[in-house]
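J.: Got a predicted structure here, sequence first:
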Amino acid sequence: MKPIPSFTIDHLQLLRGIYVSRKDKVGNEVITTFDVRMKEPNHEPVLHNGAIHTIEHLAATYLRNDAEWKDKVIYWGPMGCLTGNYLILHGDLESKDIVSLLQRMFDFIANYEEEIPGTTPKDCGNCLLHDLPMARYESKKYLEEVLNQLKPENLIYPQ
């Protein structure tokens, strides 16, 4: 079997950042999948399960309520390796196109102090697996160290 493109990225060289993982045509439309990489793979500890779960809830809530982007959001969810998240948006987009959106979203999460949306047993499949303090910490770290200091190598996969 032929490997899928995301498994051909050199994860030993991959930095934290925002990357176009793939673009797919659905009929005449394009959807773009972004790799929102919060941790350097194989170089630093991954995101804690409770933190990434809380980030998922808060990010999905933010994205689906953002006035500019809500109608383009298809999916937000964690990577299995726990080093980041996938964001799928309608449109033929580049990493630079969503920097402002992600800065606003991670600022929202970093400063969030209310009840986490969708965390009752009725609403969530693992309602006890949430960690708002760590979600806030990881979001602030990503915002300050990566999103607010982006360089070209944080926006294009290593070759």
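T.: Perfect, I can see it now. Residues are numbered from 1 along each chain as shown.

J.: how about low-confidence regions in the protein?
T.: Low-confidence segments of the chain (pLDDT under 70): 4-5.

J.: Run through the helices of this structure in chain order.
T.: Under the criterion DSSP state H, helices of the chain are mapped to 49-63, 99-110, 132-145.

J.: quick one: which of those helices is nearest Arg16?
T.: Nearest to Arg16 among the helices of the chain is helix 132-145; the distance by CB to CB comes to 6.8 Å. Any C-beta I mention is one placed from the backbone N, CA and C, and that applies to glycine too.

J.: The closest one vs helix 49-63, what angle?
T.: Relative orientation of helix 132-145 and helix 49-63, computed by axes from the mean of the first three to the mean of the last three CA atoms, to 10 degrees: 70 degrees.

J.: same for helix 132-145, what does it pack against?
T.: Here helix 132-145 touches helix 49-63, helix 99-110, going by 3 or more CB pairs under 8 Å, 6 or more residues apart in numbering; DSSP states H and E.

J.: tally of neighbours for the closest residue to Ala110 other than its chain neighbours?
T.: Spatial nearest neighbour of Ala110, chain neighbours left out: Lys140 (3.9 Å); criterion: CB to CB, 6 or more residues apart in numbering. Each residue near Lys140 was counted by other CB atoms under 10 Å, and the total is 15.

J.: And Val99, by the same measure?
T.: 16.

J.: Thought Gln149 was touching it, still the case?
T.: No. Assessed by CB atoms under 8 Å, Val99 is found out of contact with Gln149, at 11.2 Å.

J.: how far away is Asn126 from Tyr137?
T.: Remark: distance between Asn126 and Tyr137 (CB to CB, to the nearest Å) = 20 Å.

J.: So those two - more neighbours on which side?
T.: Tyr137 (14 against 11).

J.: check contacts around the more buried one.
T.: By CB atoms under 8 Å, 6 or more residues apart in numbering, the contact set of Tyr137 is Ala51.

J.: Next one: it relative to Asp131, how far apart?
T.: 9 Å.

J.: Over to Leu47?
T.: 10 Å.

J.: These two: who's more crowded?
T.: Leu47 (23 against 19).

J.: Run through the residues that contact Ile52.
T.: By CB under 8 Å, 6+ apart, the neighbours of Ile52 are 78, 82, 85, 135, 138.
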